[in-house]
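> Okay, here's the prediction I keep looking at, along with the sequence it came from:
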Amino acid sequence: MSEQTTRRTAVTSRREFLKKSAAAVSVTGLAIHQSAHAAGSDMLKIGLIGCGGRGTGAAKNALDADSNTELTALADVFPDRVERSLKLLGGEYGQRVKVPQDRQFVGFDAYQKLIDSGVDVVLLATPPAFRPVHMRAAVEAGKHVFAEKSFATDGTAQRSMIQSVELAKKKGLAIRSGLCFRFHPPHQEAIRRIHDGAIGDVLSLYVVRIGGSWGKYGLLESTGGRRPEGQSDLEWQLRNWYNFFWLSGGYMMDLGLHQVDEIAWIQREVPPVKCVASGGRQIPEYGNIYDHYDATFEYADGLLAVFKIRGWNGCHDEFRLEIVGSKGRASLTWSDAKIRGATEWAYKDRPRAMHQIEHDELFKALRAGNPPNDGDSMLKSNQMALMARESAHTGEQVTWEMAVHSQQNLMPPKLDWNMKLDVPPLTIPGITKFV
């Protein structure tokens, strides 16, 4: 895309989008796009929106999941991302990647052009700030969706996503979430056994995910926070999106959401009544997100679920879930799971890649004519993560009802390549207010 064209391009604000789309919740009489229902041996056309590393990986997973699929369109705000993704995927999948120049879409409106290009399944892998707009457009167009986490970075976005999920249900469309631990064999089997009573009543949960500074931080750390000459505020932030609160939602909403989702899964999707959390930032020194959180969710029956996450180099690393029950205890790690007590069990197989399994199951269900919809569970987990994040950032105890009715909206009013887009300072607990 030329610089002149780029400078003319702007995106409608999410505030404007939500006003225009609020009436779309009513779907009486809406026609379902038949192209989205490809049972049997029909060719399924895949489109990828967001051509970074995770998006390219999701496209690979989708192509590996079903031999009768083709990648037919790519979209991103940056042409170099499209080119790199196309080169990688084309080199591996050859003729199954059919993305000519006129289906390589670039710019803020690229997502809509891709959706309108005749694809059946849309993979959403942009920075999370754009997820609600892209989800709504895909569902309204009758497309099945794979949505990478997170799904909403604030309360306003969360409500938009809830509307889109309900619309997808009414239209019989698939929504597969990127919360891949639900497809991790050792965790699947352990939690199935917990639900079947292997440890009795669940009494408490302790979940920890602490490790080094994640790779996405390095995009900004490697330059010492310096911006390449000629990059606008918006381009700099989009290319380093993980480090900026409005784009990523922060560490709790990204890596943290996986294990918050496992807490919700173990608790059979029953939401906590309140959350108290703390957090802050030690490293890196760039951007405006926290790099550690410690959250305690409290349930109506008094059960406490504690979750810790951090990303610090040179420190102790640990990943585990400890679920204590009235008749035993379950311990889950990256690749293992065991139960001790009244029932003794240990996972012994070598697990397959969970990222791949979630796509395998999606396309298998589509072929069977049973589109899965993960929307309710993924958004309950997203709401829990928002509770924890906002408790940490404000210093307040945040209830489920407070989180559900939050009016927070992190999206800038309007985006333009030449706009001045300052980076807000870090939130300060006790001073920053819950919205």
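Cool, got the structure. Just so you know, these numbers come straight off a predicted model, no measurement behind them.

> And stretch 249-262, end to end?
19 Å (Cα to Cα, to the nearest Å).

> again, but for stretch 118-136
17 Å.

> now stretch 189-205
Terminal-residue distance, stretch 189-205 (Cα to Cα): 17 Å.

> Report the buried residues of it.
189-191, 193-194, 198-200, 202, 205 (16 or more other Cβ atoms under 10 Å). For the C-beta atoms, the positions are set from N, CA and C on the backbone; glycine is no exception.

> what helix or strand is residue 339 on?
strand 337-341 (DSSP states H and E).

> Tell me which other helices or strands that strand touches.
Applying 3 or more Cβ pairs under 8 Å, 6 or more residues apart in numbering; DSSP states H and E, we find strand 337-341 packed against helix 185-195, strand 328-332, strand 345-346.

> For that strand, give me every contacting residue.
186-187, 189-190, 193-194, 198-200, 325, 327-331, 345-347 (Cβ atoms under 8 Å, 6 or more residues apart in numbering).

> do stretch 315-331 as well
Outside stretch 315-331, the residues that reach it (Cβ under 8 Å, 6+ apart) are 187, 190, 193-194, 197-212, 259, 262, 266, 332-334, 337-343.

> Please repeat the previous calculation with a cut-off of 7 Å.
190, 194, 198-212, 262, 266, 332-334, 337-343 (Cβ atoms under 7 Å, 6 or more residues apart in numbering).

> Could you tell me the model confidence score at residue 21?
Residue 21 carries a pLDDT value of 38.

> who's in contact with residue 263?
Residue 263 neighbours (Cβ under 7 Å, 6+ apart): 205, 207, 297, 305, 307.

> just checking, the last one touches residue 207?
Read that as residue 307. Yes: if you go by Cβ atoms under 7 Å, residue 307 and residue 207 touch, sitting 4.6 Å apart.

> taking the mean pLDDT, what do you get for stretch 312-327?
For stretch 312-327, the per-residue pLDDT averages 95.

> what's the answer for stretch 120-134, then?
For stretch 120-134, the per-residue pLDDT averages 98.

> helix or strand right after the helix or strand containing residue 391?
Using DSSP H and E, the element containing residue 391 is helix 375-394. Per DSSP H and E, the first helix or strand lying C-terminal to helix 375-394 is strand 398-399.

> Name every strand pairing with that next one and say which way it goes.
When pairing is defined by DSSP bridges, strand 398-399 lines up against strand 274-280 (antiparallel).

> who touches the partner strand?
290, 292-298, 387-388, 391-392, 397-400.

> Let me see the ranges of the helices in the stretch 1-150 of the chain.
For the stretch 1-150 of the chain, the helices defined by DSSP state H, counting those that start in this stretch cover 3-8, 14-21, 53-65, 79-93, 110-115, 131-140.

> dump the residue contacts of the residue nearest to the spatial centre of the chain.
In the chain, the centroid-proximal residue (Cα atoms, centre = their mean) is residue 149; its distance is 0.6 Å. Residues near residue 149 by Cβ under 7 Å, 6+ apart: 177-179, 257.

> And it, how far from residue 424?
Distance from residue 149 to residue 424, counting by Cβ to Cβ, to the nearest Å: 23 Å.

> now swap in residue 192 and tell me
Taking Cβ to Cβ, one finds residue 192 at 44 Å from residue 424.

> I'd guessed residue 180 sits against residue 358; true?
Yes: with contact defined as Cβ under 7 Å, residue 180 reaches residue 358; the gap is 5.2 Å.

> okay, these two: which has more neighbours?
A count of neighbours by other Cβ atoms under 10 Å puts residue 358 above the other of residue 180 and residue 358, at 24 against 19.

> Can you pull out the low-pLDDT segments for the protein?
Along the chain, the model assigns pLDDT under 70 to residues 1-41, 214-224, 284-285.

> Please parse it into its domains.
3-173, 184-349+379-408 (automatic domain parsing).

> Quick check: which of those is nearest to residue 428?
domain 184-349+379-408 (8.4 Å; Cβ to Cβ).

> now the end-to-end length of that closest one.
Termini of domain 184-349+379-408 sit 33 Å apart (Cα to Cα).

> Equivalent analysis for stretch 362-380, please.
20 Å.

> Give me the residues contacting it.
By Cβ under 7 Å, 6+ apart, stretch 362-380 touches 38-40, 65-66, 144, 146, 151, 158, 161-162, 165, 168-169, 172-177, 179, 264, 269, 271.

> Among those residues, name the ones in strands.
Residues of those located in strands (DSSP state E): 144, 146, 175-177.

> If we only consider these, which is nearest to residue 415?
residue 146 (24.7 Å).

> ok so, going back, overlap in contacts of residue 307 and residue 207?
259, 263.

> so how far is stretch 362-379 off the chain centroid?
Stretch 362-379 has its C-alpha centroid displaced from the chain centroid by 16 Å (Cα atoms, centre = their mean, to the nearest Å).

> Likewise for stretch 148-163?
Worked out by Cα atoms, centre = their mean, stretch 148-163 lies 10 Å from the chain centre.

> Could you shift the numbering so residue one becomes 55, and keep it that way?
Okay, using 55 as the starting number, the last item reads as stretch 202-217.

> Please give me every residue in contact with the residue of the chain positioned farthest from its centre.
What lies farthest from the middle of the chain is residue 396; by Cα atoms, centre = their mean that is 37.0 Å. Contacts of residue 396 were listed using Cβ under 7 Å, 6+ apart, and they are 381-382.

> what ranges do the helices span in the stretch 205-354 of the chain?
209-225, 239-249, 269-275, 287-293, 299-302, 309-320.

> neighbour count winner among residue 361 and residue 261?
residue 361 (26 against 23).
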